[in-house]
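Trainee: Sequence plus the predicted model coming up.
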Amino acid sequence: MNRPNRPALSFGIGTAVGTAGGLIGLGGAEFRLPALVGALHFSAREAVAVNLVASLIVLAAAFPFRAATVPINEIAAHLPAVIAMLAGSMSAAWVGAGWLRRASDKLLGRLILILLVALGCVLIAEGVFVAESTRLVGEGIVPTVLIAAVCGVVIGLVSSLLGVAGGELIIPVFILLFGVDVKVAGSMSMLVGIPTIVVGLVRHFGAGSVLRERAVWRRTILPLGAGSVLGAILGALALGLVPGRALKIGLGIILIWSAWGVFRHLPSMTPVTDG
């Protein structure tokens with residue numbers, strides 16, 4: 001089974017997924033992953049690496065717009081939590097990416113399915129229970145750093161194993177545990193997500209990596225990234241047209257359904273090569 005040489009398909013997938021992500025304030029990486037495996041015929045291991053690149057492109061394009069609307073002094077007040085979470089996530093991303101390269105395809109497929117279903121449940125829960133800013137962690141620097149670092153480890157592992165920025169986990173953590181405003185939490189999420197993705201990518205650029213294939217960049221990564229950025233902009237512009245809670249519930253259900261449809265059969269699939 002060869003990967004389709006259809007840049008337009010990659011661009012269309014990126015646009016559709018980016019629009020959904022823009023509507024809910026995420027990069028949409030969790031939705032790109034099933035499409036990379038199902039429609040574009042990448043193996044799970046290859047799809048994670050490609051997804052990391054697309055996630056980085058989306059975040060890098062979106063960050064300047066966030067920086068223009070969220071003052072840096074509002075983020076500075078929460079720097080201990082950001083730095084601690086970043087330290088935990090980067091360390092875990094390095095370890096997770098190395099583990100990913102050694103894991104069997106069968107184990108990897110099952111793990112991705114579990115994580116995607118869990119993220120779908122998180123989206124549904126966020127839609128049902130509106131997250132209000134609360135501070136469940138003590139005000140002291142020690143509990144802030146310790147809890148943020150532990151959360152960062154979990155987020156870094158998820159990022160490296162799925163190729164996602166982790167915003168669907170980072171934002172609720174900052175809102176519910178540290179009492180951060182939702183808009184500020186979104187910018188803080190990017191500060192954690194971008195370096196975490198870069199660390200994971202360093203491990204994915206080893207010899208034999210799909211990211212070393214020029215055809216993959218030309219046919220998939222660049223059009224996918226361009227479509228994702230366009231979609232994220234369109235989604236942000238259409239933000240007021242769809243109720244946020246209903247959207248999260250619907251997309252959570254779609255994510256669970258698509259992940260199950262693609263990854264439950266993944267262990268039986270054989271790795272593919274570029275044709």
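Mentor: Cool, got the structure.

Trainee: Could you check how far residue 49 is from residue 231?
Mentor: Counting by CB to CB, to the nearest Å, the separation of residue 49 from residue 231 is 21 Å. Bear in mind the C-beta positions are built from the backbone N, C-alpha and C, glycine included.

Trainee: all helices for the stretch 51-200 of the chain, in order.
Mentor: Counting by DSSP state H, counting those that start in this stretch, one finds helices in the stretch 51-200 of the chain at the ranges 72-76, 79-102, 105-128, 141-162, 167-178, 182-204.

Trainee: Let's have those helices in a markdown table, adding mean neighbour count.
Mentor: Below are the helices of the stretch 51-200 of the chain laid out as a markdown table (neighbours: other CB atoms under 10 Å):
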| stretch | mean neighbour count |
| --- | --- |
| helix 72-76 | 11 |
| helix 79-102 | 20 |
| helix 105-128 | 18 |
| helix 141-162 | 21 |
| helix 167-178 | 23 |
| helix 182-204 | 22 |
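
Trainee: residues in contact with the residue nearest the centre of the chain?
Mentor: Centroid check for the chain by CA atoms, centre = their mean gives residue 164 as the closest residue, at 2.3 Å. Residues near residue 164 by CB atoms under 8 Å, 6 or more residues apart in numbering: 27, 29-30, 33, 51, 55, 119, 158.

Trainee: Tell me which of the helices of the stretch 51-200 of the chain lies nearest to residue 7.
Mentor: Residue 7 lies closest, by CB to CB, to one member of those: helix 182-204, at 21.6 Å.

Trainee: Show the average pLDDT along the closest one.
Mentor: Helix 182-204 carries an average pLDDT of 85.

Trainee: following it, which helix or strand shows up next?
Mentor: Where DSSP states H and E defines the elements, the next helix or strand beyond helix 182-204 is helix 214-216.

Trainee: can you pull the buried residues of that next one?
Mentor: Neighbour counts over helix 214-216 (16 or more other CB atoms under 10 Å) mark residue 216 as buried.

Trainee: distance between it and the chain's centre?
Mentor: The chain centroid and the centroid of helix 214-216 are separated by 22 Å, computed with CA atoms, centre = their mean, to the nearest Å.

Trainee: Stretch 248-258 too?
Mentor: Relative to the centre of its chain, stretch 248-258 is centred 15 Å away, using CA atoms, centre = their mean.

Trainee: Check stretch 221-230 too.
Mentor: 15 Å.

Trainee: same thing with stretch 148-157?
Mentor: Centre-to-centre, stretch 148-157 and its host chain are 14 Å apart (CA atoms, centre = their mean).

Trainee: who touches that stretch?
Mentor: Outside stretch 148-157, the residues that touch it by CB under 8 Å, 6+ apart are 80-82, 84-96, 166, 169-170, 173, 177-178, 192, 196, 199.

Trainee: at 7 Å what do you get?
Mentor: With contact meaning CB atoms under 7 Å, 6 or more residues apart in numbering, stretch 148-157 is reached by 81, 84-93, 96, 166, 169-170, 173, 196.

Trainee: Same check on stretch 188-197?
Mentor: With contacts defined as CB under 7 Å, 6+ apart, stretch 188-197 is touched by 52, 55-56, 59-60, 63, 66, 75, 78, 82, 85-86, 89-90, 93, 156, 159, 165-167, 170-171, 174, 180.

Trainee: Can you list the low-confidence ranges for the stretch 51-200 of the chain?
Mentor: Filtered on pLDDT under 70, the stretch 51-200 of the chain yields the residue ranges 66, 68, 130-134.

Trainee: if you set the cut-off to 90 instead, what comes out?
Mentor: Within the stretch 51-200 of the chain, the segments meeting pLDDT under 90 span 51-52, 54-78, 93-140, 157-191, 193-194, 196-197, 199-200.

Trainee: What is the neighbour count of residue 257?
Mentor: 13 (other CB atoms under 10 Å).

Trainee: Residue 227: helix or strand, and which one exactly?
Mentor: Residue 227 belongs to helix 222-237 when assigned by DSSP H and E.
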